[in-house]
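Q: Curious how this folds, go ahead:
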Amino acid sequence: MEVHNPTREYPNPCEYKGCTKKFVRKTCLLRHEQSVHVKSRNWQCPLCDACFARKDTLRRHTEDGCPKRFELRHSAPASNRPSPLSNPAPIFQRLM
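A: Numbers count the residues shown, from 1 in each chain. The predicted structure follows:
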């Protein structure tokens with residue numbers, strides 16, 4: 001098991017004015033810049049049209065926070081819905 005190293009180097013500082021964040025990986029710096037400073041919202045929820053800067057944030061939204069996430073599941077007529085007893089899959093399934 002690795003132990004936390006408080007003197008670890010962070011060679012990738014954010015160069016936006018007033019931002020003091022530093023990152024170990026260049027990819028983490030780029031993700032930070034896109035989501036915090038550029039604010040490009042390239043990931044859109046197919047259910048409620050909310051937009052997000054990061055794909056993982058969209059996934060979390062669709063699984064936990066989208067107010068319309070249950071509408072599609074429960075909008076089909078009862079005759080078209082599979083019986084919970086006939087489907088051994090978990091009740092909470094990923095939408096995407």
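Q: So which bits of stretch 24-41 are buried?
A: Neighbour counts over stretch 24-41 (16 or more other Cβ atoms under 10 Å) mark 29, 32, 33 as buried. (Glycine included, C-beta is placed from N, CA and C.)
Q: contacting residues around it?
A: 8-14, 16, 19, 21, 23, 51-54, 57 (Cβ atoms under 8 Å, 6 or more residues apart in numbering).
Q: what's the domain layout of this structure?
A: 8-40, 41-72 (automatic domain parsing).
Q: Would you reformat the buried residues of stretch 24-41 as a markdown table and include secondary structure, pLDDT and distance to residue 46?
A: A markdown table is the format used below for the buried residues of stretch 24-41 (DSSP: H, G, I helix; E, B strand; the rest coil; pLDDT from 0 to 100; distance: Cβ to Cβ, whole Å):
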| residue | secondary structure | pLDDT | distance to residue 46 |
| --- | --- | --- | --- |
| 29 | helix | 97 | 30 |
| 32 | helix | 94 | 26 |
| 33 | helix | 95 | 26 |
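Q: picking that back up, need the max-distance pair from the contacts of stretch 24-41.
A: 9 and 51 (34.8 Å; Cβ to Cβ).
Q: where in the protein is pLDDT low?
A: 72-96 (pLDDT under 70).
Q: show me where it has strands.
A: 12-13, 22-23, 43-44, 51-52 (DSSP state E).
Q: what lines up beside the second one in the sheet?
A: Neighbouring strands of strand 22-23 in its sheet, by DSSP bridges, are strand 12-13 (antiparallel).
Q: and if you look at the last one?
A: Each strand pairing with strand 51-52, determined using DSSP bridges, is listed with its direction: strand 43-44 (antiparallel).
Q: quick one on the thing from earlier: I only care about the contacts of stretch 24-41 that end up buried; give me the PyMOL line for that.
A: Command for PyMOL, covering only those of these found buried under the criterion 16+ other Cβ under 10 Å:
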select buried, resi 12+14+23+52+53+57
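Q: Contact partners for the nearest residue to residue 21 once chain neighbours are set aside?
A: Computed as Cβ to Cβ, 6 or more residues apart in numbering, the closest residue to residue 21 that is not its neighbour in sequence is residue 14, at 4.5 Å. Shown in contact with residue 14 (Cβ under 8 Å, 6+ apart): 20, 21, 22, 23, 29, 32, 33, 37.
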